[in-house]
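A.B. asks: starting from these lines, generate the structure:
(2 chains)
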Amino acid sequence: MVYISMLLNCRNVFQIRQVHTQVLVIGMLRHLIVANKLLYTYAQHKAMGDAYVLFAGMRERDSVTWNVMIGGLAKAGDYMNCFGIFREVIRCGARPDNYTLPFMIRACRDIVDLQMGRVIHDIGLKCGLEPDHFVCAALVDMYVKCRAMEDARLLFDKMQNRNLVTWTMMIGAYAEYGNAKESLVLFDRMRDQDIVPDKVAMLMVVYACAKLGAMHKAIFIHDYICRNKFSLDITLGTAMIDMYAKCGNVDSAKEIFDGMQEKNVVSWSAMIAAYGYHGQGRKALALFPMMLRSGISPNRITYISLLYACSHAGLVEEGLQLFSSMWDDHGVRPDVKHYTCMVDLLGRAGRLDEALKLIENMTVEKDEGLWGALLGACRIYGHMDLAEKAAESLLKLQPQNPGRYVLLSNIYAKAGRWKDVAKIRNMMMRRRLKKVPGWTWIEVDKIIYQFSVGDKTHPQSEEIYGMLQSLSKRLELAGYVPDTNFVLHDVEEEVKLGILYTHSEKLAIAFGLFATPEGTPIRITKNLRVCGDCHTFSKMVSAVTQREIIVRDASRFHHFKMGACSCDDYW
DNA sequence: TTAGGGTTAG
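C.D. replies: Residues are numbered from 1 along each chain as shown, chains lettered A, B, ... in the order given. Predicted coordinates:
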């Protein structure tokens, strides 16, 4: 017992080695409990070399011995030896238990190896083990991180004893991987089953709400957090800043920020980013010196948030100044993301030559985001040669991303290079790639409706299409010319027009026009960027109907009012 | 001997 408590008090590997020597000298190492505890202590300090020497010399081993070694190796990131020991367990005829399996499943999760994860899952089933909370949670987590959401959900639904942790995992997973609406449905179901959420569960719900951009849900969740007396500490407060900002209310985000007792670099960066999405670049920049005065140093994300805020507000000189001083003033070395912000900033301002010069002179490795930013700018200013160069680089970097092929095909089509259009289309078909669907959500009377292109699943589809038809006549009379360049160029012009008129955000706007009361803004959330044609369309709708439309897309807010958009100058 | 976590962008 004395040696066990000595091990518990060890603060470093040196102290563990001293205890190791003592128990060896007095012969206590023969006792399996002592040896296992020593092994565990080494593993906790990630001293797997020492652990392995001890393990190799142990004459007697039990399941704890194996498990501690497997868990320790996985925790230290030594997956090769972790799988090696697991194979040895199986070869020796020992059965993995409800401790072994979570360690192994988490190792598969960490290396994102779905195939191996399924193998371990099968081994567990064949062993006839009754999986407990830990095994189930590890399996759900592994399937989620390997993006096998259907497997994760199937398992979750079959689980007899779901607990708070497994519910939280599923809620977080749906928020992360594209179905935030389902996260909130699960949150309600969890509470129906009398499971009381804790802070981590609330964090996931707040995160889901931020993704969905649903204002009434944000208000409900804020109220729930207050009623249940969750403290607005750094973590939850920061998540709430992000939620309010992404639901369209930057003032509430600022109220949360001001009310937080303690703030760190993450909270400040979140607030700077919040002003950034709303095109309030000056307010974002004003926070920076305040942050520094409060003794907080910026990190790489603070600078990304600041530079995007500049980009979304057209503050080119301010952005250039921040970019050139970040290393000297605060020791933050510009990485590819910062260069991307600068390309975006210069590109939107039409300073394409400078953007290109920046790319040519950069020493850090270029990625797809950087070329994407340059391509975006080329499309706005019709710079065909550069656009082609950027699109080809993108295709090389991301051969599996169908969006990249569509962009390049559209660029060729705009230049009338139909042979090249056909070549790209064939490449897509050969590689069996399909364009990722764009989704649009609209909140009407506390309900979130979801639309995809050409969607007819809504019960009021007839009225929506009727509204769209009458709207298109009014818009065309007012001078709107549909820009079919935003439709994949493999269909006839007439079909293209049909597709263009049923883009998911147009369906949502048409629905919003008759389903929301006059005088209130139509609030839309998109999972991708607003395309140029939908941008023009929304502006014209705001002019002919006198309605305000607020669209949140993948990176920012657009406020359409009286035929203008808040980002007109920097689109 | 075993779980889930905040900020940018896409």
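
A.B. asks: give me the below-cutoff pLDDT ranges for the stretch 301-450 of chain A.
C.D. replies: A:436 (pLDDT under 70).

A.B. asks: could I get the full set of strands for it?
C.D. replies: A:440-444, A:447-451 (DSSP state E, counting those that start in this stretch).

A.B. asks: just chain A next, same as before
C.D. replies: A:440-444, A:447-451, A:522-526, A:549-552, A:557-561, A:564-565 (DSSP state E).

A.B. asks: now the ones you listed as TSV including mean neighbour count and distance to DNA strand B?
C.D. replies: No exception for glycine: its C-beta is placed from N, CA and C like everyone else's. Below are those laid out as TSV (neighbours: other C-beta atoms under 10 Å; distance: least, C-beta to the nearest atom of the strand, whole Å):
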stretch	mean neighbour count	distance to DNA strand B
strand A:440-444	23	16
strand A:447-451	19	19
strand A:522-526	25	11
strand A:549-552	23	10
strand A:557-561	21	10
strand A:564-565	16	17
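
A.B. asks: and the ones you listed: which comes nearest A:Gly319?
C.D. replies: With C-beta to C-beta, the closest approach to A:Gly319 among the strands of chain A belongs to strand A:557-561: 19.1 Å.

A.B. asks: from the chain's centre, how far out does the closest one sit?
C.D. replies: 24 Å (C-alpha atoms, centre = their mean, to the nearest Å).

A.B. asks: what's that strand packed up against?
C.D. replies: Helices and strands touching strand A:557-561, by 3 or more C-beta pairs under 8 Å, 6 or more residues apart in numbering; DSSP states H and E, are helix A:532-545, strand A:549-552.

A.B. asks: highest mean neighbour count out of those?
C.D. replies: Ranked by mean neighbour count, the helices and strands packed on strand A:557-561 are led by strand A:549-552 with a mean of 23 (mean count of other C-beta atoms under 10 Å).

A.B. asks: and it, average pLDDT?
C.D. replies: On average, the pLDDT along strand A:549-552 is 93.

A.B. asks: direction included, what does that strand pair against?
C.D. replies: strand A:522-526 (parallel), strand A:557-561 (antiparallel) (DSSP bridges).

A.B. asks: can you list the residues of the stretch 401-550 of chain A near DNA strand B?
C.D. replies: The interface of the stretch 401-550 of chain A toward DNA strand B, taken as C-beta under 7 Å from any atom of the strand, is made up of A:Arg529.

A.B. asks: tell me the pLDDT at the closest residue to DNA strand B within the stretch 401-550 of chain A?
C.D. replies: Here the stretch 401-550 of chain A gets closest to DNA strand B at one residue, A:Arg529, 6.5 Å apart by C-beta to the nearest atom of the strand. On pLDDT, A:Arg529 comes in at 82.

A.B. asks: that one against A:Val551, yeah?
C.D. replies: No: here A:Arg529 lies out of contact with A:Val551, judged by C-beta atoms under 8 Å, at a distance of 10.3 Å.

A.B. asks: which stretches of the stretch 1-150 of chain A form helices?
C.D. replies: Along the stretch 1-150 of chain A, counting by DSSP state H, counting those that start in this stretch, helices occupy A:2-8, A:13-25, A:32-44, A:48-57, A:63-75, A:79-91, A:100-110, A:114-126, A:133-145, A:149-158.

A.B. asks: buried residues in the second one, which are they?
C.D. replies: Same thing as helix A:13-25. Buried residues in helix A:13-25, counting neighbours by 16 or more other C-beta atoms under 10 Å, are found at A:Val13, A:Ile16, A:Val19, A:His20, A:Val23.

A.B. asks: is DNA strand B contacted by it?
C.D. replies: No: Helix A:13-25 stays clear of DNA strand B (C-beta under 7 Å from any atom of the strand), getting no nearer than 14.2 Å.

A.B. asks: which other helices and strands contact that helix?
C.D. replies: Using 3+ C-beta pairs under 8 Å, 6+ apart: helix A:13-25 touches helix A:2-8, helix A:32-44, helix A:48-57.

A.B. asks: which one of the ones you listed is the most hemmed in?
C.D. replies: The most buried one of these (mean count of other C-beta under 10 Å) is helix A:32-44, showing a mean of 21.

A.B. asks: for chain A, give me the ranges with low pLDDT.
C.D. replies: If you take pLDDT under 70 as the line, chain A has these spans: A:436, A:485-491, A:569-571.

A.B. asks: what is the burial count for A:Asp420?
C.D. replies: 16 (other C-beta atoms under 10 Å).

A.B. asks: what's the closest non-adjacent residue to it?
C.D. replies: Spatial nearest neighbour of A:Asp420, excluding adjacent residues (C-beta to C-beta, 6 or more residues apart in numbering): A:Tyr412 at 4.1 Å.

A.B. asks: quick one: that neighbour and A:Val406 touch, right?
C.D. replies: No: with contact defined as C-beta under 8 Å, A:Tyr412 does not reach A:Val406; the gap is 11.0 Å.

A.B. asks: and stretch A:100-119, which residues are buried?
C.D. replies: Those would be A:100-109, A:111, A:113-114, A:116-118, for stretch A:100-119 by 16+ other C-beta under 10 Å.

A.B. asks: what of stretch A:121-141?
C.D. replies: A:121, A:123-124, A:129, A:131, A:133-141.

A.B. asks: distance to A:Val453 added to those, as CSV?
C.D. replies: Output for these, formatted as CSV (distance: C-beta to C-beta, whole Å):
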residue, distance to A:Val453
A:His121, 37
A:Ile123, 44
A:Gly124, 42
A:Leu129, 46
A:Pro131, 41
A:His133, 42
A:Phe134, 43
A:Val135, 41
A:Cys136, 38
A:Ala137, 37
A:Ala138, 38
A:Leu139, 35
A:Val140, 32
A:Asp141, 33
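
A.B. asks: state the pair within those residues that is farthest apart.
C.D. replies: Largest separation among these by C-beta to C-beta: A:Ile123 and A:His133, giving 19.0 Å.

A.B. asks: for the residue nearest the centre of chain A, what are its contacts?
C.D. replies: Residue closest to the mean C-alpha point of chain A, counted by C-alpha atoms, centre = their mean, is A:Glu176 at 5.4 Å. For A:Glu176, the contacting residues are A:Val144, A:Tyr207, by C-beta atoms under 8 Å, 6 or more residues apart in numbering.
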